[in-house]
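Visitor: with the sequence up front, the predicted model follows.
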Amino acid sequence: MDAHTAIDLMGFTPMEALVAATKSGGEIMGLGHKLGQIRKGYLTDLLLVDGNPLAELALLQDRARLLAIMKDGAFHKPPPPSLARRRREAA
């Protein structure tokens with residue numbers, strides 16, 4: 001079940017749909033001790049999104065809005081250099 005289906009058919013909020021796809025997904029697979037949370041020792045998959053997926057869940061389907069992708073703790077798509085530069089300038 002994708003996030004839009006969970007929202008449309010199940011009446012989930014965007015946050016509930018994201019938790020169901022991450023934390024609850026790890027628990028359902030019997031891997032709640034390894035998946036679904038950002039914690040030391042967990043397998044880390046992260047998306048850095050240009051925008052707020054809680055306000056606009058469709059952002060997660062727009063490849064151009066996925067600024068960085070981390071799979072198992074390693075970058076599959078590193079953040080653009082301009083983003084790192086902006087972060088340094090803001091510090």
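Guide: That came in fine, so what should we check first? Note that this is a predicted model, so its numbers are computed, not measured.
Visitor: could you list the low-pLDDT ranges of the protein?
Guide: Scanning the chain with the threshold set as pLDDT under 70 gives 1-9, 87, 91.
Visitor: spatially central residue in the protein, please.
Guide: Central residue of the chain (C-alpha atoms, centre = their mean): Leu47, 4.4 Å from the mean position.
Visitor: just checking: what are the partner strands of the helix or strand hosting it?
Guide: Taking DSSP states H and E as the definition, Leu47 sits inside strand 46-49. Strand 46-49 has its sheet partners listed here by DSSP bridges as strand 66-71 (antiparallel).
Visitor: can you list the buried residues in the partner strand?
Guide: Using 16 or more other C-beta atoms under 10 Å as the test for burial, strand 66-71 gives Leu67, Ala68, Ile69, Met70. C-betas here are computed from N, CA, C, even on glycine.
Visitor: Gly36: neighbour count?
Guide: 21 (other C-beta atoms under 10 Å).
Visitor: tell me how the protein divides into domains.
Guide: In terms of domains, the chain is parsed into 1-38, 44-91 (source: automatic domain parsing).
Visitor: pick the most buried one from these.
Guide: Highest mean neighbour count among the domains of the chain (mean count of other C-beta atoms under 10 Å): domain 1-38, with a mean of 14.
Visitor: how far away from the center of its chain is that domain?
Guide: Relative to the chain's own centre, domain 1-38 is displaced by 11 Å; criterion: C-alpha atoms, centre = their mean, to the nearest Å.
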